[in-house]
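Q: Take a look and give me a structure for this.
(chains A and B)
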Amino acid sequence: MATAATNVPAILEIADDCLILGHRLSEWCGHAPMLEEELALANMGLDLLGQARALYAHAGEIEGKGRGEDDFAFLRRERQYVNCLLVERENRDFAHTMLRQLYFAAFMQPYCRAIAATSSDETLRGIAAKAEKEMAYHLRHAGEWVIRLGDGTEESAARMTDAVTELHRYTGELFADSPARADAIAEGLLPDPEAVRAEWDATIATVFGEAKLEAPEIRVMQKGGREGRHGEEMGHLLAELQFMQRAYPGLEW
Amino acid sequence: MVSPVAVETGEASAAEAADGTADFELARAHAAASQVPDPEVPCVTVADLGILRSVTRDENGKITVRLTPTYSGCPAVIAIEMAVEAALLGAGIEAKIERVISPAWTTDWITEEGRQKLRAYGIAPPAGSSGGRRAFFADEVIACPRCGSADTAKVSEFGSTACKAHYRCKSCAEPFDYFKCI
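A: Here you go, the predicted structure:
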C-alpha cells in the first residue's frame, strides 16, 4: 500500500524524536537541582513518551504487519532509529538540557499546530493537536530557563554559552527534508517544516535577546540522524532504553 | 463553550435505540460510565471532565464506550478505561471500550459542575479558554480555591500530575493545585 510505504517512515521520524528526547529527560530522575524541576522534567518526558506511544501505535496500524508500540520503541537496531541528532545529545548540565528542549519545542509547537491544521490523516491531526498544547508548556518552561541562566550569574551565562556553541549546529536537521518527509509532504500527510522556520527563528531570537546570548553562525549543520547515522552516545542511550526487552524478549507489563 | 461531547452523550440520545424506542440498557450503561471517578482527581467523574465522549449501541447490539486521554502521557488513561469497563460489568453490561484521539481533549470540555467540584476539592479549575502559547514569564491570575484571594504565586508549571500546576496563596499561605488550561 502506497500510504504505508511513505507514511510509516515519516511518522517514525517524529515518534523517534519524541521517544529519544523523552528518554533523555527521564535520565534526570533523581538528579534534578530541585524538586520542582524534578517534577517538571519528568512531566515533560512523560508528555513526549505519550506522544511517541500514540505515534508508534498509529504507524503500526497503518503498516498493518502487527508491529506495535513496543516493537518500534524497543526492538529496532540503532541504524533503524531515525530521530534527529539534537534529541540524542547528552543531558550534560541543566543549561544543555534546557537549551535542547527550547530548540526542539520552538520547532515542534508550531509544527504540531500545522500538522493539526493541514494533515490528511485524522488520527495524526488529533495527536498533533494535543502535542501542540503540551509543547507550548515545554517551550515556555525551557525558554524561561534559558533567559534566567543566560542573563544570570557569570557561571550560568558561561554554561549557557557553552551549550549554544555545542548544540546550535544540530538545529538544522529539524527542518531538513528526508526522503520520507518529502514523500509525506507531497502526499499531504505532513506540512513542510520550512513553513515554521520563520517562527522558530523569531522565537530563538526573542529568547536569546533577553538571555543576552548570541546565535553562532554555522555554515554546515550536523545531520545524519534521519538516515540512521547517530553519534556514539546513541548506543549508550539504547543500551539503557532497550535493556529489558533485550534481556527478556517479549516481556509485557 | 458547549462541548460536542455533552450533546452526544445526552440522556435522550443515550436512552433511545435506533428505532426510536427506549433503550434502558444503554441508559444504564451511560449512567454507570458517567459515574466513574477520575483515579487521580477522584472528586470529579469522567463525565465531569468531558473525557467520556459517547456511549452508543452499534448495529450488532454491542455497546461501545468512547473515552479520550487528557494528556498524551497520562498514566491514568489505562486505569480509567479499566475502571469504566469494570463499572459497566458491575451493572451487568459487557461493553467495548474505545480510545478516541481526534479531536483532542481540551479543558474547555470540563463541565460547570466539574469546575465547582474541583474548586470545592481544593483544586483551582482552569481559568479562561484554552489557547496556544503565552509570553515568557506572563502568568495568569489564579484565584485561591480555599480563600478566593487573587494574591497567589506560581511555584511550578508542572505539578503532581500532568494536568496540574503548583501554586501558593499569599493571603492564606496554603499551597494548592491548579488544573492547567490546555
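Q: Every contact and neighbour count from this point should use C-alpha atoms.
A: Fine.
Q: OK, contacts around the closest residue to chain B within chain A?
A: Here the residue of chain A nearest chain B is A:G50; by Cα to the nearest Cα that distance is 3.6 Å. Listed by Cα atoms under 8 Å, 6 or more residues apart in numbering or on different chains, the contact set of A:G50 reads B:Y71, B:S72, B:G73, B:C74.
Q: Verify the assumption that B:H166 is located in a helix.
A: No. Under DSSP: H, G, I helix; E, B strand; the rest coil, B:H166 sits outside any helix and is assigned strand.
Q: List the residues that contact residue 88.
A: Here I'm looking at chain A. For A:E88, the contacting residues are A:I20, A:L21, A:R24, A:G231, A:E233, A:M234, A:L237, by Cα under 8 Å, 6+ apart.
Q: was after chain B, sorry
A: Counting by Cα under 8 Å, 6+ apart, B:L88 makes contact with B:A29, B:A32, B:A33, B:E94, B:A95.
Q: So it versus B:R28, what's the distance?
A: 9 Å (Cα to Cα, to the nearest Å).
Q: Can I get the buried part of the contacts of A:G50 as one ChimeraX selection?
A: Buried subset of these, written as a ChimeraX selection, criterion 16 or more other Cα atoms under 10 Å in any protein chain shown:
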select /B:71,72,73,74
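Q: of the contacts of A:G50, list those near chain A.
A: Residues of the contacts of A:G50 in contact with chain A (Cα under 8 Å from any Cα of the partner chain): B:Y71, B:S72, B:G73, B:C74.
Q: out of the residues you listed, which are inside strands?
A: Of the ones next to chain A among the contacts of A:G50, none are assigned to strands by DSSP state E.
Q: Including pLDDT and distance to A:T153, could those go into a markdown table?
A: Shown next, in a markdown table, are the ones next to chain A among the contacts of A:G50 (pLDDT from 0 to 100; distance: Cα to Cα, whole Å):
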| residue | pLDDT | distance to A:T153 |
| --- | --- | --- |
| B:Y71 | 88 | 36 |
| B:S72 | 87 | 36 |
| B:G73 | 85 | 35 |
| B:C74 | 84 | 37 |
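Q: got a markdown table for those, with distance to A:E166 too?
A: Output for those, formatted as a markdown table (distance: Cα to Cα, whole Å):
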| residue | distance to A:E166 |
| --- | --- |
| B:Y71 | 32 |
| B:S72 | 31 |
| B:G73 | 30 |
| B:C74 | 33 |
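Q: Near chain A, which residues of chain B are found?
A: B:71-74, B:101-105, B:132-137, B:155-162, B:182.
Q: can you tell me which of the residues you listed are in strands?
A: Filtering those for strands - DSSP E - leaves B:V155, B:S156.
Q: Go ahead and build a PyMOL selection from the buried members of the residues of chain B next to chain A.
A: Selection command for PyMOL covering only the buried members of the residues of chain B next to chain A, criterion 16+ other Cα under 10 Å:
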select buried, chain B and resi 71+72+73+74+101+102+103+104+105+133+136+156+157+158+159+161+162+182
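Q: pLDDT score for the nearest residue to A:V220 once chain neighbours are set aside?
A: Residue nearest to A:V220 in three dimensions, not counting chain neighbours: A:R169, with 7.6 Å by Cα to Cα, 6 or more residues apart in numbering or on different chains. At A:R169, the pLDDT value in this model is 98.
Q: Does A:R169 fall in a helix, a strand, or a coil region?
A: helix.
Q: Let me know whether it touches A:Y103 as I believe.
A: No. Between A:R169 and A:Y103 there is no contact under Cα atoms under 8 Å: 11.0 Å.
Q: what does the stretch 101-250 of chain A put close to chain B?
A: A:122-123, A:125-127, A:129-134, A:136-137, A:140-141, A:143-144.
Q: Go again with 10 Å.
A: Proximity of the stretch 101-250 of chain A to chain B is confined to A:109-110, A:113, A:116, A:122-145, A:147, A:206-207 under the rule Cα under 10 Å from any Cα of the partner chain.
Q: any idea which of the contacts of B:L88 is closest to chain A?
A: Lowest distance from chain A to the contacts of B:L88 (Cα to the nearest Cα) belongs to B:A95, with 22.6 Å.
Q: ok, for the closest one, nearest residue in space, not its chain neighbours?
A: B:I63 (5.0 Å).
Q: Enumerate every residue touching that neighbour.
A: By Cα atoms under 10 Å, 6 or more residues apart in numbering or on different chains, the contact set of B:I63 is B:E25, B:L26, B:A29, B:H30, B:V55, B:T56, B:R57, B:I93, B:E94, B:A95, B:K96, B:I97.
Q: who's in contact with the last one?
A: In other words, B:I97. B:V55, B:I63, B:T64, B:V65, B:R66, B:L67, B:E81, B:M82, B:V84, B:E85.
Q: again, only this time at 7 Å
A: Contact analysis of B:I97 by Cα atoms under 7 Å, 6 or more residues apart in numbering or on different chains lists B:T64, B:V65, B:R66, B:E81, B:E85.
Q: what would the contacts of B:L88 look like in JSON lines with secondary structure?
A: Converted to JSON lines, the contacts of B:L88 look like this (three-state DSSP):
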{"residue": "B:A29", "secondary structure": "helix"}
{"residue": "B:A32", "secondary structure": "helix"}
{"residue": "B:A33", "secondary structure": "helix"}
{"residue": "B:E94", "secondary structure": "coil"}
{"residue": "B:A95", "secondary structure": "strand"}
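Q: Now tabulate these in TSV and tack on pLDDT and distance to A:L55.
A: As requested, these are exported to TSV (pLDDT from 0 to 100; distance: Cα to Cα, whole Å):
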residue	pLDDT	distance to A:L55
B:A29	96	31
B:A32	96	31
B:A33	97	28
B:E94	94	29
B:A95	95	26
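Q: wait, which of these is closest to A:T6?
A: Using Cα to Cα, B:A95 comes nearest to A:T6 of the contacts of B:L88, at 35.8 Å.
Q: Quick check: the gap between the closest one and A:A73.
A: For B:A95, the distance to A:A73 equals 31 Å [Cα to Cα].
Q: about what we covered before: nearest to A:P193 among the contacts of B:I97?
A: Once Cα to Cα is applied, the member of these that ends up nearest A:P193 is B:R66, at 33.2 Å.
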